[in-house]
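J.: Got a predicted model here, sequence first, then my questions.
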Amino acid sequence: MQNNDNKNSIYDELNKLTLEDLYASFEKPTASNKSVTSKKKEISAEDCLYDKLYICPVCGNNFKSKTIRKGKVRFISNELDLKPIYEPIQPDYYDIVLCDKCGYTAMSSKFDKLTNTQEELIKTNITPKFFPKQYPIIYDVDIAIERYKLALINSIAKKGRSGEKAYICLKIAWFYRDKADLENEIMYLKAAHKGFNEAFINDRFPICGLEENTLLYIIAAIGSRIGKIDDSLRILSRLIVKRGLNARLKSKISELREILKKIKS
Ligand SMILES: [Zn+2]
């Protein structure tokens, strides 16, 4: 199945993505529309997964994709930018659906949402360069990064919305954080920050499931990690006085605001 001699394969492109490429992908209006090692005795990583059947909207292929059984994983905590931590495995690692025939790849929530024009763009720009790979049942962080980068390249190829590309970049940044790879984490956070700002102006809410206040908070949290402390504080000051914030978000806003104020003082 594998064709490692294919020099012009899509996998070669994954590590060649630069911040400039990612920035450029956000500039035009969009088209249409750590691997957890703790072992809970009761629930194994395999218990948390099942094979979900998909039909590829590009090529009609029927295939199965590893999917999380929601009731099996346990939420532990959120980091400041809302990166979630679960046990015994990370649901985010499994949120990419990849057609092993044509290479069309997307986040599960976006997989079926493809226009005719986008289908053609995938056939032209992705399929000729794609070859299938065998993945193990349990994905480690490197496999997660590879699959999300495939989704990112697909989204760029189909001229996907800024919000979708930014959300994928945020996830990739989180995975690099799992690997303690600060350089790549920051690169993808910068891309996510730019993309979410574009999405805020051009896309309709909810953006990848994020409501306006949550997205603003994430923009502030990412900004604080990439050196935009003043911008982030301005956003947080506007947010904290809004009505109707849910208690969890409000507490995150206060926490981050206090941290940034201390840094400034
Ligand atoms: Zn397909």
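T.: Cool, the structure landed.
J.: pretty sure residue 141 contacts residue 147?
T.: No - the pair residue 141 and residue 147 fails to qualify as a contact (Cβ atoms under 8 Å) at a distance of 10.9 Å. For glycine as for every other residue, the C-beta is placed from the backbone atoms N, C-alpha and C.
J.: Dump the helix or strand of the chain with the lowest mean pLDDT to PDB, keeping only the CA atoms.
T.: Ranked by mean pLDDT, DSSP states H and E, the weakest helix or strand in the chain is helix 19-25, scoring a mean of 84. Backbone C-alpha positions of helix 19-25 (Å, rounded to 0.1, in the frame of the first residue of the first chain) are rendered in PDB as follows:
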ATOM      1  CA  LEU A  19       4.700  30.800   8.900                       C
ATOM      2  CA  GLU A  20       4.700  32.800   5.700                       C
ATOM      3  CA  ASP A  21       2.700  30.100   3.900                       C
ATOM      4  CA  LEU A  22       0.200  30.000   6.800                       C
ATOM      5  CA  TYR A  23      -0.100  33.800   6.900                       C
ATOM      6  CA  ALA A  24      -0.600  33.900   3.200                       C
ATOM      7  CA  SER A  25      -3.400  31.300   3.400                       C
END
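J.: Name the residues that touch it?
T.: Taking Cβ atoms under 8 Å, 6 or more residues apart in numbering as the criterion, the residues outside helix 19-25 that touch it are 156, 165, 169, 187-188, 190-191, 194-195.
J.: before we move on, the earlier item: so for residue 141 and residue 147, which residue has more residues nearby?
T.: Between residue 141 and residue 147, counted using other Cβ atoms under 10 Å, residue 147 has the larger neighbour count: 24 against 19.
J.: for the ion, what are the nearby residues on the stretch 51-200 of the chain?
T.: Selection of the stretch 51-200 of the chain residues close to the ion by Cβ under 5 Å from the ion yields 56, 58-59, 61, 99, 101-102, 104.
J.: could you redo the last one with a cut-off of 8 Å?
T.: Counting by Cβ under 8 Å from the ion, the residues of the stretch 51-200 of the chain lying close to the ion are 56-61, 63, 99-104, 127.
J.: List the buried residues for stretch 75-84?
T.: The neighbour-count check on stretch 75-84 (16 or more other Cβ atoms under 10 Å) flags 80-83 as buried.
J.: repeat for stretch 201-214
T.: Buried positions in stretch 201-214, judged by neighbour count with 16+ other Cβ under 10 Å: 203, 207-208, 210, 213-214.
J.: Which of those fall in helices?
T.: Judged by DSSP state H, the subset of the buried residues of stretch 201-214 located in helices is 213-214.
J.: List just the nearest of the buried residues of stretch 201-214 to residue 13.
T.: Ranked by distance to residue 13 (Cβ to Cβ), the buried residues of stretch 201-214 are led by residue 208 at 23.1 Å.
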